[in-house]
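Visitor: when you get a sec, could you give me coordinates for this:
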Amino acid sequence: MEAKTIREVYDFTLIERKWQAEWENARAFAAHDFTEGKEPYYLLEMFPYPSGYMHMGHMRNYTLGDVMARLNWKKGRSVLHPIGFDSFGLPAEQAAIDRGVDPREWNEECIENIIRQMKMMGFSYDWDRIVVTSRPDYYKWTQWLFIKFHEMGLVYRKEMPVNWCEEHGVLANDEAQEGKCWRCGRIVTQRKLEQWYIKTTAYADELLDGLNELENWPERVLTMQKNWIGKSEGTRVSFDLPAIGEKIDVFTTRIDTLYGVTFLVFAPEHPFVARIMEIVDDEKRAEIMAFIAETAKVDVIERTAEGREKKGLSLGVDCVHPLTGESVKLFIADYVLMDYGTGAVMAVPAHDSRDYLFAKKYNLPIKWVIRPVEGEWTEDDAFTGYGIMMNSDKYDGLSSEDGIDELSRDLESAGLGGFETQYRLKDWTASRQRYWGCPIPMVYCEKCGHVPEKLENLPVLLPPPEKVDMEKRDRGSPLAYVDEFVECVCPKCGARARRETDTMTTFLDSAWYFLRYCDPKNEAEIAGRDVVNHWMPVDCYIGGIEHAVGHLMYARFITRVLNKAGVLDFAEPFDVLFTQGMIYKDGAKMSKSLGNTVSPDDMVEDYGADTARLFSLFAGPPERDLEWQDEGVQGCHRFLKRLWRMFAEFWNARERIKELSASISHAEPELVAEIRRMEHTTIKGVTEDIGRMQFNTAIAKMMELVNFLAPILANEIAPAAVKTVSGDTSDAGEIKPVIAAFESALKTLSGLLSPFTPHIAEEIWEALGGVGFVMHAPWPAHDESLIATDTIEIGVVINGKPRARAIVPADADEASVKEIVFADETIAKWIEGKEIKKFIYVPGRIANIVAK
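Guide: Okay, here's the model as predicted:
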């Protein structure tokens with residue numbers, strides 16, 4: 001920088017626009033495949049929905065990722081840090097409808113604005129690798145994936161009950177958690193529809209076992225996935241249902257209690273319930289329909305909650321016990337769920353607490369078939385433990401464990417059941433009845449049935465919005481009414497055929513995008529094998545924990561399928577997973593619907609991007625939620641203003657002294673050693689904290705360095721500069737080495753700050769003669785020998801309370817420390833007249849005294 005003076009006013013707008021232009025012109029964030037001598041590092045944040053503009057609640061995720069990307073550039077790695085947009089789906093479609101515009105136009109407008117906001121924040125994305133899931137060059141490969149699944153026998157079509165939201169149509173299980181729509185909160189009901197399904201259950205064991213490989217994932221996420229897969233080993237047993245000529249399959253982990261079954265319970269959504277309604281009288285049918293409707297209003301969590309009174313209704317028909325031949329009453333009950341087990345439960349009230357309460361309420365028989373191994377038991381409650389079988393015919397006297405084994409084998413031999421493993425995980429509902437989604441590349445031919453489109457005909461394009469009547473959404477997919485889309489030729493026989501009019505779940509669009517970033521311009525394949533193997537698996541993936549059993553599960557599933565198909569050489573997509581906390585404002589999650597958002601545009605205009613970044617990083621640990629506080633933003637801005645003022649004052653003082661004669665002494669005063677010690681202590685501390693992603697404490701250490709340097713500038717360097725201007729060079733010999741040490745500390749600080757507040761860091765780096773961008777300069781390294789001191793300060797705790805600080809030799813033993821501590825007048829007052837019971841010295845940290 002050629003200017004001889006620098007203004008002390010922090011002009012963040014000028015600085016930030018300058019460096020954003022410099023980065024863009026230099027393509028500073030571009031990733032380079034196969035960079036020789038550099039370790040590849042793939043840093044990824046979950047990409048956004050472009051259904052509107054972004055607020056500061058969104059920006060925290062991307063700021064965290066930006067810090068990690070910039071840190072790894074400084075560590076000399078070849079970094080891939082891409083961005084894209086999950087642009088298909090109902091939110092974008094609804095937003096466009098609300099505004100009376102084309103979904104494509106609205107999407108592109110939102111994408112353009114979000115890119116502007118991200119560049120304004122200084123995010124270091126490779127802008128040449130943007131992927132947009134609603135563009136044909138992307139969804140061509142989503143369709144290719146669907147066809148690949150079909151080839152592998154992982155796709156089927158079936159009429160089944162689906163989760164239905166009146167506003168948003170079909171929902172996957174993960175979109176209908178707690179019985180409510182994840183988008184609008186409406187109660188989810190069941191509706192029968194013919195849908196496309198993907199066999200995620202075929203990979204249940206692989207997905208479960210693979211969790212053991214994910215050593216760098218949060219334990220909470222691993223537990224959530226394990227529970228969502230829900231593997232249970234038990235026994236399947238069949239009860240005849242003569243009234244409709246069917247067998248009721250029941251899954252249980254306690255087949256040893258089979259002889260204690262006194263009634264059977266269906267989930268209200270069980271398909272046999274509808275069959276039974278066809279044969280009962282009108283009064284009973286009306287009762288059943290009313291019960292089902294009432295149950296549908298209650299969410300799943302409440303239905304199954306401990307302590308809640310269970311509700312049920314007799315269906316008016318009986319089934320038959322498979323071993324005793326006795327009639328067993330059939331009920332529906334709200335506490336039985338269709339998506340767990342078979343949707344039917346054998347009720348053993350003597351040995352299950354829920355069944356016991358239900359039996360007592362409806363005056364049903366209770367039969368005891370297990371007794372404790374030792375001691376007595378009471379019939380005032382269910383005995384739910386393992387024990388000794390009784391009242392169980394030839395199995396009497398067997399332990400529960402042996403009884404489970406023998407009964408399971410005997411049921412299998414008799415064709416009545418047998419050992420079975422079941423999963424809570426269900427097959428993935430791929431179909432959606434909406435316009436704005438990826439068309440499913442399947443065709444129905446009267447002769448050939450459902451067949452996939454030819455690969456050379458991909459992508460199957462969505463018709464333009466002007467051809468689609470969105471008013472027909474409530475009748476199913478509006479694509480069904482677009483003749484030029486529906487009418488086609490069978491890819492197999494050439495006859496007239498009809499194209500599938502459902503579109504795909506957007507979870508499929510977003511379950512593979514990380515592969516496309518590796519090779520986004522490839523027109524011949526989903527991504528080149530060599531380049532994918534170069535970058536993948538993703539080294540660090542950052543996003544919200546709300547995606548633990550949706551997106552993350554599907555991404556793992558697709559990766560494993562493609563690995564088995566020989567397309568990929570790895571089975572897990574993400575090495576490290578980091579789940580960041582959310583930003584709250586006024587006590588609620590920052591959300592447009594709540595009207596409590598903060599605009600990044602306003603933040604940058606008022607305080608600058610570096611301030612916005614700094615607050616989101618400094619306000620608390622990144623894995624925890626944080627409350628937005630205007631005072632905290634202002635505090636971060638004051639720090640950056642203080643840093644800039646200190647830098648500008650130093651620069652201007654240095655310029656005044658710079659022309660001094662070279663003959664002046666350069667003896668190094670003690671102050672130089674103190675500056676170097678603090679500089680290298682800060683490097684060490686920040687490096688350790690940032691390695692643990694404890695960004696808030698890393699920032700605090702850099703603030704401490706500024707606090708340390710400021711008085712040195714004010715009391716030593718600035719006065720010497722003033723004297724120099726007046727012709728007095730008496731202090732110059734001492735101050736020149738101090739200036740050199742101070743400048744080194746400032747330059748180090750710009751390097752440490754650059755991942756956090758990159759714009760001001762680049763400006764300081766350039767002014768101090770740094771070569772190239774500071775973001776590409778090596779991460780500072782500390783010198784342990786400069787940190788070492790002859791003396792250290794320790795805390796003194798007396799009877800459990802901190803009472804004083806003491807200066808002791810760094811290498812002092814306990815006896816020497818004890819002598820120094822007891823000689824201190826402050827400490828002496830606290831122990832005067834007391835007997836010293838214990839003295840413990842923790843080297844380098846604390847002296848603990850117990851005195852009575």
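
Visitor: show me where the stretch 101-250 of the chain has strands.
Guide: 131-132, 155-165, 169-171, 189-198, 232-241, 246-252 (DSSP state E, counting those that start in this stretch).

Visitor: also the stretch 651-800 of the chain?
Guide: For the stretch 651-800 of the chain, the strands defined by DSSP E, counting those that start in this stretch occupy 791-798.

Visitor: point out where it drops to low pLDDT.
Guide: 659-668, 725-733 (pLDDT under 70).

Visitor: buried set for the longest helix along the chain?
Guide: Assignment by DSSP state H gives helix 630-657 as the longest helix of the chain. Within helix 630-657, the residues that qualify as buried are 632-633, 636-637, 639-641, 643-654, 656-657, counting by 16 or more other C-beta atoms under 10 Å. For every residue, glycine as well, the C-beta is placed using N, CA and C.

Visitor: from the chain's centroid, how far away is stretch 592-608?
Guide: 23 Å (C-alpha atoms, centre = their mean, to the nearest Å).

Visitor: again but with stretch 538-546, I slipped
Guide: 5 Å.

Visitor: wait, Gln629 touches Ala619, no?
Guide: Yes: applying C-beta atoms under 8 Å as the test, Gln629 and Ala619 come out as touching, 7.2 Å apart.

Visitor: the more surrounded of the two?
Guide: Set Gln629 next to Ala619 and count neighbours by other C-beta atoms under 10 Å: Ala619 wins out with 22 against 12.

Visitor: just confirm the more buried one contacts Asp630, I think it does.
Guide: No: between Ala619 and Asp630 there is no contact, the gap being 11.6 Å when judged by C-beta under 8 Å.

Visitor: quick one: low-confidence residue ranges for this structure.
Guide: Within the chain, the stretches with pLDDT under 70 are 1-4, 161-162, 167-168, 172-179, 182-183, 190, 299-301, 472-475, 659-668, 725-733.

Visitor: residues touching the nearest residue to Arg99 once chain neighbours are set aside, list them.
Guide: Leaving aside its sequence neighbours, Arg99 sits nearest to Trp106 (C-beta to C-beta, 6 or more residues apart in numbering; 6.4 Å). Residues in contact with Trp106 (C-beta atoms under 8 Å, 6 or more residues apart in numbering) are Ala92, Ala95, Ala96, Arg99.

Visitor: so what sits against both of Ala619 and Asp630?
Guide: The contact sets of Ala619 and Asp630 do not overlap (C-beta under 8 Å, 6+ apart).

Visitor: could you pull out the helices for the stretch 551-700 of the chain?
Guide: 551-564, 600-606, 609-618, 630-657, 670-691, 695-712 (DSSP state H, counting those that start in this stretch).

Visitor: just want the angle from the longest one to helix 695-712.
Guide: Put plainly, it is helix 630-657. Taking axes from the mean of the first three to the mean of the last three C-alpha atoms, to 10 degrees, one finds helix 630-657 and helix 695-712 inclined to each other by 40 degrees.

Visitor: mind listing what Met224 touches?
Guide: Contacts for Met224 (C-beta under 8 Å, 6+ apart) come out as Ile545, Ala548, Val549.

Visitor: would you list those residues in TSV and tack on neighbour count and secondary structure?
Guide: Shown next, in TSV, are those (neighbours: other C-beta atoms under 10 Å; DSSP: H, G, I helix; E, B strand; the rest coil):
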residue	neighbour count	secondary structure
Ile545	17	helix
Ala548	23	coil
Val549	20	coil
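
Visitor: wait, which of the residues you listed is closest to Tyr139?
Guide: Nearest to Tyr139 among the contacts of Met224, counting by C-beta to C-beta, is Val549 at 24.7 Å.

Visitor: on that earlier part again, deepest in the core, which of the helices of the stretch 551-700 of the chain is it.
Guide: helix 609-618 (a mean of 26; mean count of other C-beta atoms under 10 Å).

Visitor: tell me, how many residues neighbour Asp128?
Guide: Counted with other C-beta under 10 Å, the neighbours of Asp128 add up to 12.

Visitor: ok, it touching Asp33?
Guide: No: with contact defined as C-beta under 8 Å, Asp128 does not reach Asp33; the gap is 11.9 Å.

Visitor: any idea where the helices of the stretch 401-550 of the chain begin and end?
Guide: Taking DSSP H, counting those that start in this stretch, the helices of the stretch 401-550 of the chain run over residues 483-486, 506-509, 513-516, 529-535.

Visitor: which one of those helices lies nearest to Lys723?
Guide: Nearest of those to Lys723, taken as C-beta to C-beta: helix 529-535 at 57.7 Å.

Visitor: buried set for that closest one?
Guide: Neighbour-count burial for helix 529-535 flags Val532, His534, Trp535 (criterion: 16+ other C-beta under 10 Å).

Visitor: which residues touch it?
Guide: Residues contacting helix 529-535 (C-beta under 8 Å, 6+ apart): 33-34, 40, 42, 80, 515, 517-519, 567-570.

Visitor: try 6 Å
Guide: By C-beta atoms under 6 Å, 6 or more residues apart in numbering, the surrounding residues in contact with helix 529-535 are Asp33, Pro40, Tyr42, Leu80, Cys518, Asp519, Asp569.

Visitor: kindly report the same for stretch 71-89.
Guide: With C-beta under 6 Å, 6+ apart as the test, stretch 71-89 has contacts from 31, 35, 38-43, 47, 49-50, 69, 107, 111, 124-126, 129-134, 436-438, 506, 509-510, 513, 517, 535, 755, 775-776, 779.

Visitor: residues near the closest residue to Phe146 other than its chain neighbours, how many?
Guide: Leaving aside its sequence neighbours, Phe146 sits nearest to Pro441 (C-beta to C-beta, 6+ apart; 5.9 Å). For Pro441, the neighbour count with other C-beta under 10 Å is 26.

Visitor: looking at it, Pro441 is touching Leu145, isn't it?
Guide: No: using C-beta atoms under 6 Å, Pro441 makes no contact with Leu145, being 9.8 Å away.
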